[in-house]
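Q: Show me how the following folds:
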Amino acid sequence: MIKPSNYEQLKIFFDKRRGDPSQKPDASIAIPVNAQGDLETVLGVLNDIARYKGSHTFEVILAINNYPEGQEPDEIEFFRAIGIVVAPTPSVRRPDEAVCFSARMTGVRAAQTDHLLLFDADCRIPNPTALIDWYIERLQSGAGLAYTHVGHYDLRKRLSVVARMVAHHGARWVKRQLLGIPTTRGSNYAVNRANMIGFYEQRLLSDDINVGPTFKAHGLRIDYSGKRQLVVLTSGRMFTGGWSRLARYLLYRLRYNLKMLPVGQDVTGRIQRGSDNIRNVKPR
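A: The predicted structure is shown next:
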């Protein structure tokens, strides 16, 4: 079972940051965790969150999934011991949903507050105080959804990988700035929990890519910031490079966006992600 050298510091931080247990905290932070590869990876973002120096209180929820029925990972005991809420589910798979989104919704349902911050297990948060404060302030002021720029770390130094990043960020800029489409992605956004669950139960959501357009279509306020101090980094460990892979990726993303961006109750029938297996990812 994992037990990092800063165990006591983490325990003190998360116990204190939760605030008075008889009162709801200011916000909830939910992170899905693939038990087959991210039980140690998630320590990176937890350590980032533990550098928070602001005044807000919040709970942290880990939606741990993908393990054999009746065999909960030993690490669950560690996370609970340091003051983190754990929502364990052996398999989160649901028909017509991206499995990563199904896992995320497990954490969403476990949250105690309507001010919900969503990250991934392999994220890194360079400036947690600025980011967490900005998200909570946006939600408290009435935003239905807020998000900031997402960068990458751990990218391979290959020209095809660079080209993929240029295409990726360029497409997001076009969608956000020219087409007015909120470009939410799983590794970094914040939502009003009641609206998120409401849209989910209406079968309007089946992937993170649906969230922004759905919130916008229902007239909810959406805030975005590209400020450097609010950037979140997500792992580039999956990008192995190669021009043929890049071509297949671009075609896949184009088709997927055309299917998934339109808002409507049929969205749950449109998802067909052939590569959407829960991978046994090991940290590099």
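Q: neighbours of Leu116, just the number please.
A: 27 (other C-beta atoms under 10 Å). C-beta: built from backbone N, CA, C; applies to glycine.
Q: Low-confidence stretches in the chain?
A: For the chain, applying pLDDT under 70 flags the ranges 1, 155-156, 158, 160-162, 164-165, 167-170, 237-284.
Q: Where do the strands of it begin and end?
A: Ranges of strands in the chain, per DSSP state E, are 27-34, 58-65, 85-86, 115-119, 145-148, 150-153, 188-192, 222-225, 232-235.
Q: Can you redo those as a markdown table, where the extra columns are distance to Arg138?
A: Shown next, in a markdown table, are the strands of the chain (distance: least, C-beta to C-beta, whole Å):
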| stretch | distance to Arg138 |
| --- | --- |
| strand 27-34 | 11 |
| strand 58-65 | 14 |
| strand 85-86 | 23 |
| strand 115-119 | 9 |
| strand 145-148 | 4 |
| strand 150-153 | 16 |
| strand 188-192 | 7 |
| strand 222-225 | 5 |
| strand 232-235 | 15 |
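Q: I'd like to know which of these is closest to Arg93.
A: Across these, Arg93 has its closest neighbour in strand 58-65 (9.0 Å, C-beta to C-beta).
Q: Check which helices and strands that closest one sits against.
A: Judged by 3 or more C-beta pairs under 8 Å, 6 or more residues apart in numbering; DSSP states H and E, strand 58-65 is in contact with helix 7-18, strand 27-34, helix 42-49, helix 75-81, strand 85-86, helix 99-110.
Q: could you redo the last one with a cut-off of 10 Å?
A: helix 7-18, strand 27-34, helix 42-49, helix 75-81, strand 85-86, helix 99-110, strand 115-119, helix 128-140 (3 or more C-beta pairs under 10 Å, 6 or more residues apart in numbering; DSSP states H and E).
Q: Can you list the strands that the fifth one pairs with?
A: If I follow you right, that is strand 85-86. Paired neighbours of strand 85-86 in the sheet (DSSP bridges): strand 58-65 (parallel).
Q: Kindly report the same for the second one.
A: Based on DSSP bridges, the strands next to strand 27-34 in the sheet, each with its direction, are strand 58-65 (parallel), strand 115-119 (parallel).
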